[in-house]
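Visitor: Build me a model:
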Amino acid sequence: MATRKVTIKDIATEAGVSIALVSFVMSNRDCGQENYRVNRETAQRILEIADKLNYQPNNAARMLRSGKTNTIGVIVSDISNKFFADIARCIEDRAYKHKYTVLFGSTDENPQKLENLIEVFRNKGIDGLIVVPCEGSDDIIRNVAQQNVPLVLLDREVEGAEASSVVLDNRRAGLQTTTALLQQGFTRIEMISYAMSLSNIRQREDGYKACMTRAGLADNIHIHHLRHDKLNWMEKVVRDAKKRGVEAFVFATNTLATVGLTTIFRNGWRIPQDFAMACFDSNEAFDIYKTAVAYVRQPIERFGTEALDLLMKTIAQKDRAERSASSSRVVLTPEIAGYGVSDKAAKPAEKEMEKSL
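Guide: I've put the predicted structure just below:
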């Protein structure tokens with residue numbers, strides 16, 4: 001037999017107060033407010049009775065009253081990618097503390113899919129969006145930003161979009177990875193990157209080129225651009241590099257590093273004896289292959305918490321009709337770790353980097 005749903009009237013009857021008073025107290029709690037503008041003891045007694053009776057608010061009715069769903073959308077390039085999966089989990093945990101539910105989606109670097117996800121999420125009444133832009137989505141992102149939709153860009157930026165963002169200092173990261181290889185004595189260092197015009201990728205390439213130039217190795221600069229859906233071309237790149245005497249690679253992403261590492265070992269070569277490598281983020285493959293790799297440690301938790309906090313701030317500004325509020329840009333500092341990296345060697349390198357930034 002189904003149990004009858006507890007109503008505000010039931011709480012009012014047991015508490016001996018009016019339905020209007022119970023509704024006022026419960027609405028304030030749902031909005032995260034503690035100043036109920038009524039006797040605190042009375043408000044506390046109402047809340048305790050509601051918990052005892054297991055009162056569940058009518059979310060549909062609340063949404064109609066407030067125009068909010070306490071739901072946000074998070075769209076990344078690939079939720080199965082550990083980097084984005086870990087950030088997504090941080091966002092979800094922090095959103096829960098704000099009493100928000102999170103809807104997730106992946107674009108697979110497809111702008112049409114991104115546009116469709118944004119439309120679906122908006123039709124569900126989400127209060128705001130956290131988005132990792134994909135290539136070809138600049139106009140889509142700018143359009144969303146112009147429509148007064150609370151929006152935070154994550155990991156990548158879009159020029160001309162009036163939206164807050166949380167990004168890594170990618171140029172510094174490109175400098176750090178290249179410096180780690182130079183400190184090990186390698187000079188014939190090439191970079192393997194994506195054939196994409198994404199802001200974070202281009203900035204990492206700029207860091208690599210700046211570092212090689214400062215070291216007097218501009219003639220050795222070589223960036224291989226692979227399509228994200230044609231990673232099997234890695235085989236040709238690595239084999240050709242071996243013939244030309246390339247000593248080390250900087251991989252622009254963790255995914256590229258994993259494919260590159262697998263390719264190197266499949267050909268019977270070793271790291272760092274045949275090729276040294278530096279990349280972004282640690283990887284289980286490094287442990288599986290028992291290899292030594294220098295890598296940039298990205299502040300995953302700060303990516304998630306900063307993005308969520310910025311979105312909550314933007315939503316609050318919209319609620320207060322602060323349409324002219326300026327956007328914020330949070331730039332996170334990378335750290336280099338792993339093989340060939342020591343505090344003594346890193347300090348002078350950091351000072352040299354400051355001159356290049």
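Visitor: Of all the residues in stretch 272-288, which ones are buried?
Guide: Neighbour counts over stretch 272-288 (16 or more other CB atoms under 10 Å) mark 272, 275-283, 285-286 as buried. Every residue, glycine included, has its C-beta placed from N, CA and C.
Visitor: and the residue minimising distance to the centre of the chain, what does it touch?
Guide: Central residue of the chain (CA atoms, centre = their mean): residue 154, 4.7 Å from the mean position. By CB atoms under 8 Å, 6 or more residues apart in numbering, the contact list for residue 154 reads 76, 87, 130-132, 165-167, 303, 307.
Visitor: Closest one to residue 183 out of the residues you listed, please.
Guide: Residue 183 has its nearest neighbour among these in residue 167, at 26.1 Å by CB to CB.
Visitor: List the buried residues for the helix or strand harbouring residue 330?
Guide: For residue 330, the element it lies in under DSSP states H and E is strand 329-332. For strand 329-332, the neighbour count (16+ other CB under 10 Å) marks residue 332 as buried.
Visitor: following that strand, which helix or strand comes up?
Guide: Remark: after strand 329-332, the chain's next helix or strand is strand 335-338, criterion DSSP H and E.
Visitor: per-residue pLDDT, the residue nearest to the centre of the chain?
Guide: Model confidence at residue 154, given as pLDDT, is 97.
Visitor: What's the separation between the residue lying farthest from the centre of the chain and residue 28?
Guide: The centre of the chain is farthest from one residue, residue 16, which by CA atoms, centre = their mean lies 49.0 Å away. Shown here: residue 16 relative to residue 28, a distance of 20 Å by CB to CB, to the nearest Å.
Visitor: go on, residue 305?
Guide: For residue 305, the distance to residue 28 - CB to CB - is 26 Å.
Visitor: All the strands of the stretch 151-300 of the chain, in order from the start?
Guide: For the stretch 151-300 of the chain, strands defined by DSSP state E, counting those that start in this stretch occupy the ranges 151-154, 164-168, 189-194, 223-226, 248-251, 276-280, 294-297.
Visitor: Need these in TSV (columns: distance to residue 99).
Guide: Shown next, in TSV, are the strands of the stretch 151-300 of the chain (distance: least, CB to CB, whole Å):
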stretch	distance to residue 99
strand 151-154	19
strand 164-168	21
strand 189-194	38
strand 223-226	43
strand 248-251	40
strand 276-280	34
strand 294-297	32
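Visitor: Tell me which of the ones you listed lies nearest to residue 313.
Guide: strand 164-168 (8.0 Å).
Visitor: Could you check the angle that closest one makes with strand 276-280?
Guide: For strand 164-168 against strand 276-280, the angle by axes from the mean of the first three to the mean of the last three CA atoms, to 10 degrees is 160 degrees.
Visitor: Check which helices and strands strand 164-168 is in contact with.
Guide: strand 151-154, helix 199-214, helix 300-319, strand 329-332 (3 or more CB pairs under 8 Å, 6 or more residues apart in numbering; DSSP states H and E).
Visitor: Would you mind finding the most buried of those?
Guide: strand 151-154 (a mean of 26; mean count of other CB atoms under 10 Å).
Visitor: Just the CA trace of that strand, in PDB.
Guide: Only the C-alpha atoms of strand 151-154 are listed here, as PDB (Å, rounded to 0.1, in the frame of the first residue of the first chain):
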ATOM      1  CA  LEU A 151      28.500  30.300 -18.200                       C
ATOM      2  CA  VAL A 152      32.000  29.200 -17.200                       C
ATOM      3  CA  LEU A 153      34.500  28.000 -19.700                       C
ATOM      4  CA  LEU A 154      36.800  25.200 -18.400                       C
END
